[in-house]
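Asker: quick one, structure for this:
(one chain, ligands or ions: 1)
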Amino acid sequence: MKDIIVENICKSFPKEHIQALDDINIEVEKGELFGLIGPDGAGKTTLFRILTTLLLADSGSAIVNGSDVVKDYKAIRRKVGYMPGKFSLYQDLSVEENLSFFATIFNTSIKENYDLIKDIYEHIEPFKNRRAGALSGGMKQKLALCCALIHRPEVLFLDEPTTGVDTVSRKEFWDMLKRLKMEGITIIVSTPYMDEANLCERIALMQKGKILSVNTPTHIKSSFPDPLFAIKTEHMIKLLADLRAIPEIKSVHSFGEYHHITLNEPSENELQLLHQTLANDKHEAIDIKKIEPEIEDCFIQLMSN
Ligand SMILES: Nc1ncnc2c1ncn2[C@@H]1O[C@H](COP(=O)(O)OP(=O)(O)OP(=O)(O)O)[C@@H](O)[C@H]1O
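Answerer: Numbers count the residues shown, from 1 in each chain. Below you'll find the predicted structure:
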């Protein structure tokens, strides 16, 4: 069963001449953990705001948990949980007061739905009297997640929940999402971190208001069209410039320790010639190896289409 159906959604901000969303189509299954992956400005927040009834689209339609985002907006507000990207809690209220406040506005109590948030709340309970504004980034995210869950939503929207959160807290956060998924909650989560894409069942890659691809992370990676190679030498900056000047090279991008390249006509012979060319260009410790594409490679490849 489809829990979210987005059809031909467009949204522009005319004064700023920005097309934030350009003909977006997405379907999310009931109970799915679905990721919106894209850099700043891709349109992720705008789409979330439309689906949580906080913003009207210019055109197109969207159904969330069986309700139309325009006609049935009141029903949707009761059924969804939304954790906005920017910290949304009351900084001057304590942890416990924030949670009680969100429970009250949804006409429920912490006790009523405690089983759903228990695992998450236990991490922050020792600080329940601390002002939310004085919590660490990771703890703020956990409190915001508890507040978004306290009315037991059918669909949970999480806008960049791990941005600015340390690696350990990020991992903990994703473990929590997996447990929530087991409760049958549909989760749609946005992130600019490409590595987090692998933790979702399906992802939509977004760029400049458009969807580049929607599929499982495995399928997206296996659809990368060319053999991919990682290459490094002792002079990585010079290497980048040299690789860009070699006509046999189809694409080159810098990826941390290595540069990733594809070749116009990949073969063992071409690789040997490349090695030779780089040696002639005075590169030393040349290391070239075939690698499997990551989501970031796929994103860059799709962007350049
Ligand atoms: N209220 C607004 N008025 C004008 N422009 C807006 C408004 N909201 C968003 N935009 C613009 O729409 C585009 C998409 O923004 P959006 O916030 O949806 O992207 P995002 O993928 O969530 O990235 P970010 O992490 O930067 O928020 C951006 O160019 C942004 O500047």
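
Asker: alpha carbons only for contacts and neighbour counts from here, please
Answerer: Will do.

Asker: residues from this protein in reach of the ligand?
Answerer: Contacts of the chain with the ligand, taken as CA under 6 Å from any ligand atom, map to 13, 16, 20, 39-46.

Asker: low-confidence ranges in the stretch 1-150 of the chain?
Answerer: For the stretch 1-150 of the chain, the stretches with pLDDT under 70 are 87.

Asker: what do you get if the cut-off is 80, keeping everything else the same?
Answerer: Within the stretch 1-150 of the chain, the stretches with pLDDT under 80 are 86-88.

Asker: can you give me the helices for it?
Answerer: When assigned using DSSP state H, counting those that start in this stretch, the helices of the stretch 1-150 of the chain occupy the ranges 44-51, 73-79, 95-105, 114-124, 137-149.

Asker: now do the contacts for the residue of the stretch 151-300 of the chain found nearest the ligand.
Answerer: The ligand sits closest to Gly209 of the stretch 151-300 of the chain, with a gap of 6.7 Å, by CA to the nearest ligand atom. Shown in contact with Gly209 (CA atoms under 8 Å, 6 or more residues apart in numbering): 19-22, 24, 41-43.

Asker: show the buried residues in those.
Answerer: 20-22, 24, 42-43 (16 or more other CA atoms under 10 Å).

Asker: in a markdown table: those residues, plus distance to Leu177.
Answerer: Listed next are the buried ones among the contacts of Gly209 as a markdown table, based on distance: CA to CA, whole Å:
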| residue | distance to Leu177 |
| --- | --- |
| Ala20 | 28 |
| Leu21 | 27 |
| Asp22 | 29 |
| Ile24 | 25 |
| Ala42 | 23 |
| Gly43 | 23 |
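
Asker: among those residues, which pair sits farthest apart?
Answerer: Ile24 and Ala42 (11.8 Å; CA to CA).

Asker: helices of the stretch 201-305 of the chain, start to end?
Answerer: With DSSP H, counting those that start in this stretch as the criterion, the stretch 201-305 of the chain has helices spanning 217-222, 236-244, 268-280, 295-303.

Asker: which strands and helices sit next to the shortest one?
Answerer: For helix 217-222, the packing partners by 3 or more CA pairs under 8 Å, 6 or more residues apart in numbering; DSSP states H and E come out as helix 295-303.

Asker: kindly recompute the last result at 10 Å.
Answerer: Contacts defined by 3 or more CA pairs under 10 Å, 6 or more residues apart in numbering; DSSP states H and E place helix 217-222 against strand 202-207, strand 210-215, helix 295-303.

Asker: from the residues of the chain next to the ligand, which single one is nearest Asn98?
Answerer: The closest of the residues of the chain next to the ligand, once distances to Asn98 are taken by CA to CA, is Thr45, at 23.2 Å.

Asker: and for the nearest residue to the closest one once chain neighbours are set aside, the neighbour number?
Answerer: Nearest non-adjacent residue to Thr45, counting by CA to CA, 6 or more residues apart in numbering: Asp159, 6.6 Å away. Using other CA atoms under 10 Å, the number of residues around Asp159 comes to 22.

Asker: brilliant, that's me finished.
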